[in-house]
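structure, please.
(chains A and B)
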Amino acid sequence: MLLRTVLIRLLTTAITLFGVAVVVFTLVRVAPGNPIAMMLPPGATEQDIANLTALYGFDKSLPHQFVIWLSGVVQGDFGTSITLRRPVSELVLSRLPATLELSVMALFIAVALGGFVAVLGARRRNSATEVGLDLSSGAVLSIPDFLWGLIFVLLFGVLWPVLSISGRIDPRIEFDFTTNYYVLEGLLRGRFDVVGSTLGHMLMPAMSLALPLAAMIAQLLKQNLKEELLKDYTTLTRVRGFTETAVILREALRNAALPTLALVGVQFTFLIGGTVIVERLFAYEGLGNMAIDAVINRDLPLIQGIVMLFAALFIVINLAVDLSYTLLNPRLRHG
Amino acid sequence: MADVTASPRSRAGQGLNLRLWLPLTWIVILICAAVFAPLVAPQDPLMQDLMMERLPPFFMDGSEPGFWLGTDSLGRDVLSRMIYGARIALFVSVIAATTTCLFGSALGLLAGYYGGWWDRVISRLVDIWMAFPPVLFAVLLVAVMGTGLTSVIAAIALIDWTRFARVIRAETMVQARMDYVDSARIGGARRLATLVTEILPNVLPTIIALLMLEMGIAIIVEAILSFVNLSISSDDPTWGSMIAEGRGAIHFAWWVLLFPLIALFFSVLSFSTLGEGLKKRFDPVLQ
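Coordinates of the predicted model:
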């Protein structure tokens, strides 16, 4: 039964991925504007245009172009960027680490902050503190990441300029990176100035992405904690002499966490989607920022590559969440 | 402290009223600003005056009377641009949210009631759509369709229909199993007639709540697209283009960012508070 469920899930994932490829390809090909004309210097001959059109495969029929493009994509070849004149896969992979580090940091902040507020709310349940926490998480939730980013730009850019509001790292730091995982590589090579500067630049964009998710976690986890705290086993733990906080952390949290884990899994993809505009806002050199530049410059192969990568990332994360939820939840396992 | 001792019921009642009246007040202010923009705006929103560039707002030294919230780097009045910006924000939010709502709800009703292939195709489309990061998708769509308000509205509808389709589909499935639907069918009503006259009225409250939420989302999406300069021309006053300018001039003229941000903030908060309130109000489980 379990194997069947997994196989069906894998098959639908493949269909979705194929659908995404069709949509991306179609959209990008119906875009107006001749990208070839933009690549050539003034005074290019008809022959130059024809050569370049053939080079990029624009002279073939649309289904034919799709097959060529897709067979390349399957082999990891996303074509060549028109404006940057480098392989799309190379460009995209050079920016992916920045976006991944930012997303993971935001996820950590969201879980830590949301978890803390949930435990605090459950600890002080049915008090003014709980009402206050509920009201503020409700308000935090309805403000999207873009607005949080702008608020942080104003707060830290103008009122209290302790953090930089642009870029990924202090440009004065000299460091020869072999990967683009600045935080990870800085840690491994013991360069804590690199780590500190990168984290400092990431803090505000990460907070902007994290706050709405943190509020969601706080609401859901607190609700589940409160339900657990009414059950007999928690009373038993209290009778054994544990403090209320210990009851929550040692017993209730473990049983209340599963719905929150599912929520975090699903919402993580939305968080990654949010990096596009937040990176733009903080001039952070990640994939999202590159994507918007690509759209403005009509760099079709680059846009295709970035959108495909984001979509694949979303689909794989959703698949992983679904499968691990099936494995973790005994009721679904035998269902 | 008084409200801590008050009974939970009256406290909830007070909260509900404030949550209704504060957002409504803000939306009425917005509508008035949009409708009467030429009358209430102190300056021409497009007028540039390089002698008047980056004037601070009225409470700071160096401000000029008539330019209450200061001017931007081209000497244009921030308050007047905000008032005219409300026109575009409201226009996009109403038209885009309604279009999205009609399109998404129709698909949700069809998938939920007819099931079978309708449901399979629509659900698969929703899955594919959910795999795209929404902002990137919006930027891409506008780049494909060309900049301008029509593209912005079309992009919002083409992306967010899934929000309606998913929820309305689930809701319709629940309603379709109810006895009243069977009795209508036994009474001789055709399927489409049953869907429109029996099921639709029962899912309408959810549709209206989602529509409210979508208005807030549409305002944000328009602001984001103006921010990356893909909405209407950056000379036209939109909150997003003002914010983009303010972000660029953050160290010289922060007020160009602050005031449109406040307008955007209250608008989004108002629509989402109203939408969430309606959702809770109509949800039988929460009553």
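
could you list the low-pLDDT ranges of the stretch 101-250 of chain A?
For the stretch 101-250 of chain A, not a single residue meets the criterion pLDDT under 70.

ugh, typo on my part, it should be the stretch 101-250 of chain B
For the stretch 101-250 of chain B (pLDDT under 70), the answer is B:234.

switch to 90 and redo it
For the stretch 101-250 of chain B, the stretches flagged by pLDDT under 90 are B:115-116, B:127-137, B:139-149, B:175-199, B:201-202, B:228-237, B:241, B:244-250.

what's the closest non-adjacent residue to the residue in it that chain A sits nearest to?
In the stretch 101-250 of chain B, the residue that lies nearest chain A is residue B:133 (3.2 Å; CB to the nearest CB). For glycine as for every other residue, the C-beta is placed from the backbone atoms N, C-alpha and C. Leaving aside its chain neighbours, residue B:133 sits nearest to residue A:273 (3.2 Å; criterion: CB to CB, 6 or more residues apart in numbering or on different chains).

ok, now which ones touch the closest residue to residue A:140 other than its chain neighbours?
Among residues not flanking residue A:140 along the chain, residue A:215 sits closest, at 4.1 Å (CB to CB, 6+ apart). Residues near residue A:215 by CB atoms under 8 Å, 6 or more residues apart in numbering or on different chains: A:114, A:137, A:138, A:140, A:141.

look up how far residue B:219 lies from residue A:215.
For residue A:215, the distance to residue B:219 equals 20 Å [CB to CB, to the nearest Å].

can you count the residues close to residue B:269?
When neighbours are defined as other CB atoms under 10 Å in any protein chain shown, residue B:269 has 18 of them.

quick one: residue B:129 and residue B:162 touch, right?
Yes. Under the criterion of CB atoms under 8 Å, residue B:129 makes contact with residue B:162 at 4.8 Å.

neighbour-wise, which one of the contacts of residue A:215 leads?
Busiest of those [other CB under 10 Å] is residue A:114, holding 26 neighbours.

measure residue A:291 to residue A:305 for me?
9 Å.

which SS class is residue A:163?
coil (DSSP: H, G, I helix; E, B strand; the rest coil).

and the closest residue in space to it that isn't next to it in sequence, how far is that from residue B:206?
With CB to CB, 6+ apart as the criterion, residue A:163 has its nearest non-adjacent residue at 4.9 Å, and that residue is residue A:156. Look at residue A:156 and residue B:206: by CB to CB, they are 40 Å apart.

compare neighbour counts for those two and give me the winner.
residue B:206 (21 against 17).

residues touching that one, list them.
B:167, B:168, B:171, B:279, B:282.

what about the third one, helix or strand, and which?
Pointing back at residue B:171 there. Following DSSP states H and E, one finds residue B:171 within helix B:149-176.

and that helix, is it in reach of chain A?
No. Remark: helix B:149-176 sits outside contact range of chain A, by CB under 8 Å from any CB of the partner chain, the gap being at least 10.0 Å.

and that helix, what does it pack against?
helix B:78-114, helix B:116-130, helix B:134-145, helix B:200-227 (3 or more CB pairs under 8 Å, 6 or more residues apart in numbering or on different chains; DSSP states H and E).

need the contact list for residue A:209.
Residues near residue A:209 by CB under 8 Å, 6+ apart: A:102, A:103, A:106, A:110, A:145, A:148, A:271, A:274, A:275, A:278.

the fourth one contacts residue A:208, doesn't it?
Put plainly, it is residue A:110. No. The criterion here is CB under 8 Å, and residue A:110 misses it with residue A:208 at 11.1 Å.

what number of residues lie near residue B:280?
Count around residue B:280 with other CB under 10 Å applied: 14.

one more: residue A:68?
Using other CB under 10 Å, residue A:68 has 13 other residues around it.

helix, strand or coil: sort out the closest residue to residue A:139 other than its chain neighbours for me.
Leaving out its chain neighbours, the residue that sits closest to residue A:139 by CB to CB, 6+ apart is residue B:269, at 7.1 Å. Following three-state DSSP, residue B:269 is assigned to helix.

measure residue B:269 to residue A:147 for me?
9 Å.

how about residue A:135?
The value you get for residue A:135 to residue A:147, if CB to CB is used, is 18 Å.

which residues are in contact with the residue nearest to residue A:139?
A:139, A:142, A:143, B:23, B:216.

neighbour-wise, give me the winner out of those.
In the contacts of residue B:269, the most neighbours by other CB under 10 Å go to residue B:216, 24 neighbours.

wait, it touches residue B:270, no?
Yes. Taking contacts as CB under 8 Å, residue B:216 lies within contact range of residue B:270: 7.5 Å.

for the stretch 51-200 of chain B, what lies in contact range of chain A?
So the stretch 51-200 of chain B meets chain A at B:124-125, B:127-128, B:130-137, B:139-141, B:143-144, B:146 (CB under 8 Å from any CB).

which ones are touching the closest residue in space to residue B:94 that isn't next to it in sequence?
Once flanking residues are discounted, residue B:94 sits nearest to residue B:215: 6.9 Å by CB to CB, 6+ apart. By CB under 8 Å, 6+ apart, the contact list for residue B:215 reads B:93, B:94, B:97, B:271, B:275.
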